[in-house]
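Engineer: Here is a sequence together with a model predicted from it:
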Amino acid sequence: MEVYSTNLGRSDPSIREGASGDNVQFWDEQARLLHWFTPWKETLRWNPPFARWFVGGTTNISYNALDIHQDDIADKPAIIWEGEDGTSQTVSYGTLYLQVQKTANLLKSLGVRKGDRVTIYLPMIPEIIVSMMACARLGAVHTVVFSGFSAKSLADRMNDSGSTVLITADVGYRRGRIIPLAQTAQEALKSSLKIRHTIMVQRQDGIPSTWVPWTEINNKSDKCAAEPVESTDPLFILYTSGTTGRPKGVLHGTGGYMTHIHSTFRWAFDIQDTDIYHCTADVGWVTGHSYVAYAPFLCGATEVMYEGAPDHPNPSRTWQILEKHKVSIFYTTPTALRMLMRHNAMAAKSYNLSSLRLLGSVGEPINPEVWVWYHDVIGDGRCPVIDTWWQTETGGMLISALPGLESIPLKPGSGTLPIPGIDMAVLDENGKTAPPDTKGYLVVRNPWPGMMLTLWGDEQKYRDTYWSRFPDYYYPGDYAIQDKDGYMWLLGRADDILKVSGHRIGTAELESCLVSHKKVAESAVIGVPDEIRGEGIVVFVVLRSGMDGMGMESELEKIIVSQIGTVARPDAIHIVPILPKTRSGKIMRRLLKSLVTGKQIGDLTTMEEPGALDEVRRILQDCGCDESW
Ligand code: WT7
């Protein structure tokens, strides 16, 4: 068997040793690597399930990302931005610093103060990072909404967060098309409750007259001191799908979050002064927050930011970007890798990728076959591949190999070990530790600095979602196996959350959207395995009696795209006369999944009306949708 390892010649056993002792003291030492205006009085206040790190300390993440670099690396590129059309633009640490201060002053002039919420609805352009850091500089709380979300999703998030300012752009560019962001924003503003001002980055001609042009920042002073904020003050809200109809606002703090991402970025990516780092995540998701918008700058790194599709105008675009910018560290998703591999597994060989030295994966399980291809072909057998497991809620990585810290053997398909200071386990149904090599539920047994503060406006839901399945332990909702060497194998979600191209989509959210259609009586949404995107979405609906199903598929697709966004577009929609249910009335989604995937149908004794299954099977057969996935 081939042996893979993280071996980059780094070895700092003191970190793991330190962490295995007093892990609170351990994080205390990590936090000292950052700048604090005033030191904390208490390293961790653990009032389960609420963790507050570095209590009493004041700091500012924008100060740590910008001010501290001005004496030595002001001219170093912070962001090398590339557009889909091939144009690029470099923003130095010095320029970023001035832009952030001007933008902070603009926000201030619009009345934004510490604690106020600002919604950011922007494409992958440097202004999205500038906006976030400008908020952070004032102590305002940003809430970034992914630019693929609909007007309704945007409005819901603006309203739920109580944002008073919206920052958007006229358009985004993707796959050769124009994404009309301002139009969507305008639509969303119709149902907005509190937005007082909208700032717009203008990339084309024409701007609604009541909006503030982004260029207004140039009329503002380029000096705006970073506001000292409490370590425990909120930095951002990021909405993510859960198992109920409404997305949850994950609230992150300042000092703990900053310490977590600063530590993990260095340990995982072995970041050196000369590295060029490229992460393909959109800033609208948590990977983009932690490892595109913040951590690289905390570490003084240079990053490549790309606005566009990884396979546009052709599937070699990704390799082209890596070659052109001499990228040394590349962080992407299994979906992107599967797509590129499927298209032409050897295409990368026509490019000079000799600058690469470390590869990362995130967002969903990576199959060993793809892992090995990533390692052998893209990394030319020279670059360690790290599979990093974490969540919106965890703020930063919790499981990953750490080539910047230590040399360990890698096993394709395993995330390897929890990071230092994190105590994890795999439990069985009853909360007992599962034996090695047995599937169970992943839990975290101690608080960590990047841990969310709470769910915005819903403490009870925070307790219920993460801390009630196994009392005293954090429950992320994932299945896992821990092998005899302690390595973690992540096996996907244990709840009703789908991972479609690494994006998180709750089935309940889709179902509540479907039943909002006046003709729909009930609905069931299931995830089915998809070779490229991990999972695909299949929808079943029962219409109200007497309703005509003509054209319903396209209507239902439309309602999903308009209420949630294109990310949630289903792969198939089936109108069925009845859904299989238990006698107590619960929809048997697993049965539907078995039918679609052609798996053996299990025990049917709890089923209310066994005939329902035949009806569904007949409909699937008619459209050729059974067993063909
Ligand atoms: C869920 C969190 C991690 C930031 C991006 C996604 C799945 C994430 C992995 C991985 C297997 C993974 C889990 C997790 N997941 N990384 N390396 N291997 N599964 O953040 O949208 O909050 O989703 O993504 O199921 O719970 P998110």
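Structural biologist: Ah, there it is. Numbers count the residues shown, from 1 in each chain.

Engineer: rest of the way, CA atoms for contacts and neighbours
Structural biologist: Fine.

Engineer: Show me what residue of the stretch 101-250 of the chain gets nearest to the ligand.
Structural biologist: Closest approach between the stretch 101-250 of the chain and the ligand, counting by C-alpha to the nearest ligand atom: residue 240, at 6.7 Å.

Engineer: Close to the ligand: what parts of the chain are there?
Structural biologist: Counting by C-alpha under 6 Å from any ligand atom, the chain comes close to the ligand at 286-287, 362-365, 387-392, 476, 478, 490, 492-493, 503-504.

Engineer: hang on, isn't the residue of the stretch 101-250 of the chain closest to the ligand packed against residue 391?
Structural biologist: No: here residue 240 lies out of contact with residue 391, judged by C-alpha atoms under 8 Å, at a distance of 9.9 Å.

Engineer: May I have the secondary structure class of the residue in the chain sticking out farthest from the centre?
Structural biologist: Distance from the C-alpha centroid of the chain peaks at residue 546, with 42.4 Å (C-alpha atoms, centre = their mean). The three-state label given to residue 546 by DSSP: H, G, I helix; E, B strand; the rest coil is coil.

Engineer: got it, and residue 491?
Structural biologist: strand.

Engineer: what about the protein, any weak spots by pLDDT?
Structural biologist: Confidence mapping of the chain against pLDDT under 70 gives the ranges 1-2, 207-208, 625-629.

Engineer: Where is the longest helix in it?
Structural biologist: Across the chain, the helix with the greatest residue count (assigned by DSSP state H) is helix 93-109.

Engineer: what's around the residue nearest to residue 66 when sequence neighbours are not counted, how many residues?
Structural biologist: The shortest distance from residue 66 to any non-neighbouring residue, by C-alpha to C-alpha, 6 or more residues apart in numbering, is to residue 97 (5.7 Å). Applying other C-alpha atoms under 10 Å, we find 25 residues neighbouring residue 97.

Engineer: and the gap between residue 97 and residue 91?
Structural biologist: Using C-alpha to C-alpha, to the nearest Å, residue 97 is found at 10 Å from residue 91.

Engineer: ranges for the strands of the stretch 401-550 of the chain?
Structural biologist: Here the stretch 401-550 of the chain has its strands, by DSSP state E, counting those that start in this stretch, at 409-410, 424-427, 440-444, 454-455, 478-482, 488-493, 497-500, 503-506, 520-530, 534-543.

Engineer: Please tabulate those strands in CSV, including the columns mean neighbour count and distance to residue 556.
Structural biologist: What follows is the strands of the stretch 401-550 of the chain, written out as CSV (neighbours: other C-alpha atoms under 10 Å; distance: least, C-alpha to C-alpha, whole Å):
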stretch, mean neighbour count, distance to residue 556
strand 409-410, 17, 45
strand 424-427, 22, 39
strand 440-444, 24, 35
strand 454-455, 22, 30
strand 478-482, 22, 30
strand 488-493, 21, 26
strand 497-500, 24, 19
strand 503-506, 22, 17
strand 520-530, 20, 9
strand 534-543, 22, 9
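
Engineer: Give me the sheet partners of whichever helix or strand comes after the longest helix of the chain and which way each runs.
Structural biologist: Going down the chain from helix 93-109, the next helix or strand is strand 117-121, by DSSP states H and E. When pairing is defined by DSSP bridges, strand 117-121 lines up against strand 141-144 (parallel), strand 165-169 (parallel).

Engineer: Residues touching strand 117-121, excluding its own?
Structural biologist: 128, 131-132, 135, 140-147, 154, 158, 161-169, 181 (C-alpha atoms under 8 Å, 6 or more residues apart in numbering).

Engineer: Could I get the buried residue list for the longest helix of the chain?
Structural biologist: For helix 93-109, burial by neighbour count (16 or more other C-alpha atoms under 10 Å) applies to 93-108.

Engineer: now do stretch 265-285
Structural biologist: Using 16+ other C-alpha under 10 Å as the test for burial, stretch 265-285 gives 265-271, 275-285.

Engineer: starting at the chain centroid, how far to that stretch?
Structural biologist: How far stretch 265-285 lies from its chain's middle: 15 Å, per C-alpha atoms, centre = their mean, to the nearest Å.

Engineer: same deal with stretch 315-322?
Structural biologist: Centre-to-centre, stretch 315-322 and its host chain are 22 Å apart (C-alpha atoms, centre = their mean).

Engineer: need the helices for the stretch 101-250 of the chain, in chain order.
Structural biologist: 126-138, 151-161, 181-189 (DSSP state H, counting those that start in this stretch).

Engineer: Single out the most deeply packed of those.
Structural biologist: Neighbour counts (mean count of other C-alpha atoms under 10 Å) averaged over each of the helices of the stretch 101-250 of the chain peak at helix 126-138, with a mean of 25.

Engineer: Quick check: which helices or strands does that helix pack against?
Structural biologist: Using 3 or more C-alpha pairs under 8 Å, 6 or more residues apart in numbering; DSSP states H and E, the elements in contact with helix 126-138 are helix 61-65, helix 93-109, strand 117-121, strand 141-144.

Engineer: now the strands for the stretch 151-300 of the chain?
Structural biologist: Secondary structure of the stretch 151-300 of the chain (DSSP E, counting those that start in this stretch): strands at 165-169, 172-174, 177-179, 197-201, 212-213, 229-230, 234-240, 248-253, 276-279.

Engineer: helices or strands next to the fourth one in the packing?
Structural biologist: Using 3+ C-alpha pairs under 8 Å, 6+ apart as the contact test, the elements touching strand 197-201 are strand 165-169, strand 212-213.

Engineer: In which helix or strand does residue 306 reside?
Structural biologist: Under the criterion of DSSP H and E, residue 306 resides in strand 302-307.

Engineer: helix/strand/coil for residue 15?
Structural biologist: Under three-state DSSP, residue 15 falls in the helix class.

Engineer: so what's it closest to, chain neighbours aside?
Structural biologist: Spatially, and ignoring its direct neighbours in sequence, residue 15 is nearest to residue 420 (7.1 Å; C-alpha to C-alpha, 6+ apart).

Engineer: Now do the same contact list for residue 104.
Structural biologist: Here residue 104 is in contact with 131, 134, 135, 137, 138, 224 (C-alpha under 8 Å, 6+ apart).
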